[in-house]
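# mind folding the following:
(one chain, ligands or ions: 1)
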Amino acid sequence: SKAALFDAENRVKVTFNDVAGLQEAKEEIKEIVEFLKEPTKFTRLGGKIPKGALLIGPPGTGKTLLAKAVAGEAGVPFFSISGSDFVEMFVGVGAARVRDLFKQAKEKAPAIIFIDEIDAVGRSRGKGSMPGGNDERENTLNSLLVEMDGFGTNSGIIILAATNRPDVLDPALLRPGRFDRQISIDKPDIADREAILKVHMKNLKLDKEVDVKKLAAQTPGFAGAELANVSNEAALIAARKNKNSVDMQDFQDAIDRVIGGLEKKNKIISPQE
Ligand code: ATP
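Residues are numbered from 1 along each chain as shown. A predicted model of the protein is given here:
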């Protein structure tokens, strides 16, 4: 089967209201929305708009969601691609894909390009590379660097990239004029977990005894993606039991189920368990 070149969404509906918590990250990233909306306000004194920002944080914490919200708030198209898609590619395909992505985004500028899991393609070059093994990845990374350098600062394209391994990135990616801004995104604290649960419970029929604070207290270590999962599982569990609303027991069962899923995943990662 032929994989899509990349995803392009012309009208993004996600806004900052869909992103709960992440107060600091939102503040920092709001500046990028301004750059996209009113570039000349910033460039009139000779300043250059940054080309890219790196979102750093553990899986499922809302990096993709936040990047999408930037596009939604600025009213610009969202082009996305995942670094891991490049890993198993034939010679030359990755580099061509990067060029294509930038070409299409430029045609639609102003626009956001989002590169998820940039570490998959952006690991330091020449480190631990087996002969012939990493050449294709390095070609792709080189083509990404060339594209980033190739467009002017006033092209209306801003590149957001996400990673949970900033330590392995090739330093070339972090140089001025590339991903020179870094925004860190942490797992939610109890207050943010409550806010995230509320976002995802908004459209559920809830029993009036449901205590969101209590659920937030019972989910330490959960990322936003897991909380979204809890909320959805609870609704399915209640529906399976033919209930008319989702109650605390359903949420409790959903939390257990999500914890069970996480434990399984961890077992696969750490075989000594
Ligand atoms: P990964 O690194 O695994 O790609 P990510 O950090 O990009 O993860 P997202 O894909 O943005 O995480 O999050 C997955 C889903 O989890 C979102 O679509 C959303 O439903 C939910 N979610 C995560 N964080 C938040 C948040 N802060 N507020 C509301 N929902 C969230």
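
# which residues does the residue of the chain at minimum distance from the ligand contact?
Among the residues of the chain, G224 lies closest to the ligand, at 2.1 Å counting by Cβ to the nearest ligand atom. For glycine as for every other residue, the C-beta is placed from the backbone atoms N, C-alpha and C. Under the criterion of Cβ atoms under 8 Å, 6 or more residues apart in numbering, the contact partners of G224 comprise 20-21, 60-62, 65, 188, 196.

# now, among these, which is nearest to A120?
When the contacts of G224 are ranked by distance to A120 (Cβ to Cβ), G60 comes first, at 16.8 Å.

# which residues touch the closest one?
Residues 223-226 are the ones in contact with G60 under the rule Cβ under 8 Å, 6+ apart.

# among those residues, which one is most surrounded by other residues?
Neighbour counts for the contacts of G60 were taken using other Cβ atoms under 10 Å; the highest belongs to G224, with 26 neighbours.

# against V212, how distant is P110?
Summarising the geometry, the distance separating P110 from V212, computed by Cβ to Cβ, to the nearest Å, is 38 Å.

# same check on F90?
F90 sits 49 Å away from V212 when distances are taken as Cβ to Cβ.

# these two: which is more packed in?
More neighbours sit around V212 than around the other of F90 and V212, counting by other Cβ under 10 Å; the figures are 16 against 8.

# ok, that one touching L197?
Yes. V212 is in contact with L197 according to Cβ atoms under 8 Å; the separation is 5.3 Å.

# what segments of this structure are helices?
23-37, 39-43, 63-74, 93-107, 119-122, 135-150, 190-201, 212-217, 224-240, 248-269 (DSSP state H).

# can you name the residues in contact with the shortest one?
So that's helix 119-122. 82-84, 86-87, 94, 115, 137, 140-141, 144, 161, 163-166, 168-170, 173.

# give me the buried subset of those.
Applying 16 or more other Cβ atoms under 10 Å to the contacts of helix 119-122, the neighbour count classes 82-83, 86, 94, 115, 137, 140-141, 144, 161, 163-164, 166, 169-170, 173 as buried.

# which of those has the weakest pLDDT?
For the buried ones among the contacts of helix 119-122, the least confidently modelled position is F86, at 72, judged by pLDDT.

# contact partners for that one?
With contacts taken as Cβ under 8 Å, 6+ apart, F86 has the following neighbours: 94, 97, 120-121, 136-137, 140.

# show me where pLDDT drops low in the stretch 51-200 of the chain?
87-89, 126-134, 153 (pLDDT under 70).

# rerun at 80
When residues are selected by pLDDT under 80, those of the stretch 51-200 of the chain lie in 85-93, 124-137, 151-154.

# close to the ligand: what parts of it are there?
For the stretch 51-200 of the chain, the residues in contact with the ligand under the definition Cβ under 6 Å from any ligand atom are 59-65, 116, 162, 196, 199.

# buried among those residues? Need that as a selection in ChimeraX.
If you want just the buried ones from these in ChimeraX, going by 16+ other Cβ under 10 Å, the selection is:
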select :60,61,62,63,64,65,116,162,196,199
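
# of the residues of the stretch 51-200 of the chain next to the ligand, closest to A235?
Using Cβ to Cβ, the shortest approach to A235 within those belongs to V199, at 14.1 Å.

# count of neighbours near the residue nearest to the closest one when sequence neighbours are not counted?
Distances taken as Cβ to Cβ, 6 or more residues apart in numbering put A20 closest to V199, at 4.6 Å, once the chain neighbours are dropped. Applying other Cβ under 10 Å, we find 23 residues neighbouring A20.

# test my guess that A20 contacts I196.
Yes. In this structure, A20 sits in contact with I196. The criterion is Cβ under 8 Å, and the distance is 4.2 Å.

# anything in contact with each of those two?
Overlap between the contact sets of A20 and I196, as judged by Cβ under 8 Å, 6+ apart, is given by 188, 224.

# buried residues, stretch 196-211. List them.
196-197, 199-201, 204, 206-207, 210.

# report the distance from that stretch to the chain centre.
Per Cα atoms, centre = their mean, to the nearest Å, the displacement of stretch 196-211 from the mean C-alpha position of its chain is 24 Å.

# and that stretch, end to end?
End-to-end distance for stretch 196-211: 14 Å, by Cα to Cα, to the nearest Å.

# just stretch 158-178 next, same as before
The separation between the terminal residues of stretch 158-178, taken as Cα to Cα, is 10 Å.
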